[in-house]
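Peer 1: Next input, structure requested:
(2 chains)
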Amino acid sequence: MPPVEAWVKVWIDEEAYAPDVHASLACTACHGGQPVRSMSAHDGLIADPSADPETGCGTCHPNIAPYAADSLHNTLRGYDTALYERSIPEHHDTLEFMETYHCNECHATCGDCHIAQPDSVGGGLLEGHAFVRQPPMSQTCTACHGSRVKNEYYGLNEGIPGDVHLRQARLACTDCHTGDQMHGMGDAVDANHRYDGVREPQCEDCHADQIGVGSGILQHEIHGTEILSCQSCHSVAYTNCTNCHVDRTEEDVPFYKIEEHSIGFYLGRNPLRSAERPYRYVPVRHVPIDPESFSAYGEDLLPNFLNRPTWTYATPHNIQRNTPQTESCTACHGNEDVFLTADKVVESERAGANLNVIVDVVPPMPANVGQFFTGGAAPAESPIDEAGEAPEPGTDDSFWGADEGEPAADETPSDDSFWGVDDSEPAADETPSDDSFWGADDSEPAATEESESDDSFWGAQ
Amino acid sequence: MKQHHGLWLFVVIGAWLLAGAALASCAPDTSAPELNTEARLENLVTPTDPVEVAQADTDSPAADVPAAVTDIYCLDCHTNQTIMQGLAVEEEVETLSEGPG
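Peer 2: Purely as a prediction, here's the structure:
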């Protein structure tokens, strides 16, 4: 993201702002300050009136602001969920103190999306103080969600194409991630981390006729909707960070260091298996943490480090129609390279919650696979067993590999994840035809006019 | 010998002074940034007309908030590109962070 000059950050564009309904409010009504014509007008200035969404924006937006105030974006509750589970109550205050240096700039207030760039990238008005209904992707969303989501979605990881939803459909983040989700409304109310509760967004929202049994797509018919998440087959290698250490300088300037990271793709056992996410295997990513991540703030702050997996449920944003996994059955069946087997996990992490993720037995190539191609099988949610009968969903160990038991109930990866090295190169530039990817014309993705306009899509440069 | 002592003293003091000067030149500049006083004065003596802004719908909550004369003071500066370029100071942010983040 290009740097914004200091003066642009605070310059109000009369033409852009004048038509905005907010321009009818006095500046001081939101920003405070002093009614004088000098620099002392800034005394008592409230730079971001939405820092407290309820008192700031909630006055006029009572249907949204209170929810936004309690959303994951504003509270960063997902970090607390993850850190507290690895820690003990006696250390919570220390961890909160650490967060004041290393996490608080990531708080996203209303203004951080709708008026200005977030603080974490230096702030600055987006469009001359005009309020932007649909936050520009590059200046807001991927300004914060950069190293993983942005690099994956834009195709910035070397040799790996961008997400088909961007390359072909030109979808912005907000085309899938709705305002309700971002504001912590609807099904997102009270979520304690990113993957808490209802899956949102869902691939089915646009691809309903292409999923599972009845889709007419052989692989989907065979695998159904309860064995693999969509990303298991349709995402490619992504970033895994194996550690992150935070500290601050003598001048109190916070910084972090991630010493090791790599690109790879691994299917692990689903640590969040539930009715909402029933998949047996999902892509898993190593999150940027190790037991000493916060040692600059105290000793042994994460005594229960492996209460949560370090390899977590992931939804990489680099979806392709064709991937190495879709090349053939043997791309996954019997192929240890694709699965997170124990040898890919550092020895010190082969314990605790990671045991619910590590794949002990890679699903073999089923002996009766031919029946699927001759129409004699009853695949999908009921993959046939060796006797040719369709067992209850999730019970066919010979086909899908042993179900290594229900994972711990509430594994809660708050972060999008990380990974180990994978030698397999992803398919280069997959360019599926629109029809085959998106289905019939009558179900075209909702690419809005805004998302086709370069400025509104990428944000003003 | 006394002459040698005087010479050594001279050399040591000279070295200290040179080292001090060198360190002082490395110290960060903490002086206040120069402001564009010309632009500020010009604006002070020539106030511009208030900026017209659109009014909210009468049924909007925003319509209940009275317009304030202080807007003139804020907008006179914050809509003036020249003033902003003169006053806004680029903060030098040195980051020690490493890695994808």
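Peer 1: Contacts only, for the residue of chain B at minimum distance from chain A.
Peer 2: In chain B, the residue that lies nearest chain A is residue B:99 (2.6 Å; C-beta to the nearest C-beta). Every C-beta, even on glycine, is put in place using the N, C-alpha and C of the backbone. Taking C-beta atoms under 8 Å, 6 or more residues apart in numbering or on different chains, we find residue B:99 in contact with A:241, A:244, A:256-259, A:261, A:288.
Peer 1: need the strands for the stretch 251-400 of chain A, in chain order.
Peer 2: A:254-257, A:261-264, A:267-269, A:281-286, A:311-313 (DSSP state E, counting those that start in this stretch).
Peer 1: So for residue A:19, which of these sits nearest?
Peer 2: Set against residue A:19 and scored by C-beta to C-beta, these come closest in strand A:254-257, at 39.5 Å.
Peer 1: Please identify the buried residues of that closest one?
Peer 2: A:254-256 (16 or more other C-beta atoms under 10 Å in any protein chain shown).
Peer 1: Out of the contacts of residue B:99, the closest to chain B would be?
Peer 2: Among the contacts of residue B:99, and counting by C-beta to the nearest C-beta, the member closest to chain B is residue A:258, at 2.6 Å.
Peer 1: from what I can see that closest one touches residue A:287, true?
Peer 2: No - applying C-beta atoms under 8 Å as the test, residue A:258 and residue A:287 come out as separate, 11.1 Å apart.
Peer 1: anything in contact with each of those two?
Peer 2: residue A:241.
Peer 1: Compare these two (neighbour count), which wins?
Peer 2: Higher neighbour count among residue A:258 and residue A:287: residue A:287, with 25 against 19, using other C-beta atoms under 10 Å in any protein chain shown.
Peer 1: Mind pulling up the pLDDT for that one?
Peer 2: Here, the pLDDT recorded for residue A:287 equals 94.
Peer 1: Quick check: closest non-adjacent residue to residue A:298.
Peer 2: Spatial nearest neighbour of residue A:298, excluding adjacent residues (C-beta to C-beta, 6 or more residues apart in numbering or on different chains): residue A:94 at 4.8 Å.
Peer 1: Now name the helix or strand holding that neighbour.
Peer 2: Assigned by DSSP states H and E, residue A:94 belongs to helix A:92-102.
Peer 1: What residues sit buried inside that helix?
Peer 2: Buried residues in helix A:92-102, defined by neighbour count with 16+ other C-beta under 10 Å: A:95, A:98-99, A:101-102.
Peer 1: Make a markdown table from those and add distance to chain B and pLDDT to it.
Peer 2: Listed next are these as a markdown table, based on distance: C-beta to the nearest C-beta, whole Å; pLDDT from 0 to 100:
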| residue | distance to chain B | pLDDT |
| --- | --- | --- |
| A:95 | 19 | 95 |
| A:98 | 15 | 93 |
| A:99 | 16 | 91 |
| A:101 | 12 | 88 |
| A:102 | 10 | 87 |
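Peer 1: Let's see the helix holding residue A:94 as PDB, backbone CA atoms only.
Peer 2: Extracted in PDB, the C-alpha atoms of helix A:92-102 (Å, rounded to 0.1, in the frame of the first residue of the first chain):
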ATOM      1  CA  HIS A  92      -4.300 -12.400  32.000                       C
ATOM      2  CA  ASP A  93      -3.400  -8.900  33.300                       C
ATOM      3  CA  THR A  94       0.100  -9.200  31.900                       C
ATOM      4  CA  LEU A  95      -1.200 -10.400  28.600                       C
ATOM      5  CA  GLU A  96      -3.600  -7.500  28.500                       C
ATOM      6  CA  PHE A  97      -0.800  -5.100  29.200                       C
ATOM      7  CA  MET A  98       1.200  -6.700  26.300                       C
ATOM      8  CA  GLU A  99      -1.900  -6.200  24.100                       C
ATOM      9  CA  THR A 100      -1.900  -2.500  24.800                       C
ATOM     10  CA  TYR A 101       1.400  -2.300  22.900                       C
ATOM     11  CA  HIS A 102       1.000  -5.000  20.300                       C
END
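Peer 1: C-terminal to that helix, what's the next element?
Peer 2: For helix A:92-102, the succeeding helix or strand toward the C-terminus, using DSSP H and E, is helix A:110-114.
Peer 1: so does that next one get close to chain B?
Peer 2: No - Helix A:110-114 lies apart from chain B when judged by C-beta under 8 Å from any C-beta of the partner chain; the minimum separation is 15.2 Å.
Peer 1: what's in contact with that helix?
Peer 2: A:48-51, A:53, A:56-57, A:65, A:68, A:73, A:118-119, A:126, A:131-133, A:135, A:140-141, A:182.
Peer 1: Can you say which of the residues you listed are buried?
Peer 2: Taking 16+ other C-beta under 10 Å as the criterion, what is buried in the contacts of helix A:110-114 is A:48-51, A:53, A:56-57, A:65, A:68, A:73, A:118-119, A:126, A:131-132, A:135, A:140-141, A:182.
Peer 1: before we move on, back to that, show me the one of the strands of the stretch 251-400 of chain A that comes nearest residue A:200.
Peer 2: Nearest of those (C-beta to C-beta): strand A:311-313, 14.1 Å.
Peer 1: Show me how far that closest one is from its chain's centre.
Peer 2: Put simply, strand A:311-313 sits 12 Å off its chain's centre (C-alpha atoms, centre = their mean, to the nearest Å).
Peer 1: Do a quick rundown of the helices in the stretch 151-300 of chain A.
Peer 2: In the stretch 151-300 of chain A, the helices defined using DSSP state H, counting those that start in this stretch lie at A:151-154, A:164-167, A:173-176, A:179-182, A:204-207, A:218-223, A:230-234.
Peer 1: quick one: the longest one to chain centroid distance?
Peer 2: Same thing as helix A:218-223. On C-alpha atoms, centre = their mean, the centre of helix A:218-223 falls 26 Å from that of its chain.
Peer 1: Return the set of buried residues in that helix.
Peer 2: Burial within helix A:218-223, assessed by neighbour count using 16+ other C-beta under 10 Å, is assigned to A:220-223.
Peer 1: Could you name the helices and strands sitting against that helix?
Peer 2: Under the contact definition 3 or more C-beta pairs under 8 Å, 6 or more residues apart in numbering or on different chains; DSSP states H and E, helix A:218-223 sits against helix A:370-374.
Peer 1: who does the helix it packs on touch, helix- and strand-wise?
Peer 2: For helix A:370-374, the packing partners by 3+ C-beta pairs under 8 Å, 6+ apart are helix A:218-223.
Peer 1: which regions of the chain sit below the pLDDT cut-off?
Peer 2: By default, I'm working from chain A. Scanning chain A for pLDDT under 70 picks out the ranges A:1-2, A:374-461.
Peer 1: meant chain B, my bad for not saying
Peer 2: In chain B, residues with pLDDT under 70: B:1-4, B:24-70, B:93, B:101.
Peer 1: hang on, the earlier thing: would you turn the buried residues of helix A:218-223 into a markdown table with distance to residue A:112?
Peer 2: Shown next, in a markdown table, are those (distance: C-beta to C-beta, whole Å):
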| residue | distance to residue A:112 |
| --- | --- |
| A:220 | 39 |
| A:221 | 44 |
| A:222 | 44 |
| A:223 | 40 |
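Peer 1: From the residues you listed, pick the one nearest chain B.
Peer 2: Minimum distance to chain B across the buried residues of helix A:218-223 is 31.8 Å, recorded for residue A:223 (C-beta to the nearest C-beta).
Peer 1: Quick check: the closest one vs residue A:280, distance?
Peer 2: 10 Å (C-beta to C-beta, to the nearest Å).
Peer 1: and the closest residue in space to residue A:241 that isn't next to it in sequence, what does it touch?
Peer 2: Leaving aside its sequence neighbours, residue A:241 sits nearest to residue A:288 (C-beta to C-beta, 6+ apart; 3.7 Å). The contact partners of residue A:288, by C-beta under 8 Å, 6+ apart, come to A:241-244, A:258, A:261, A:415, A:418, B:99-100.
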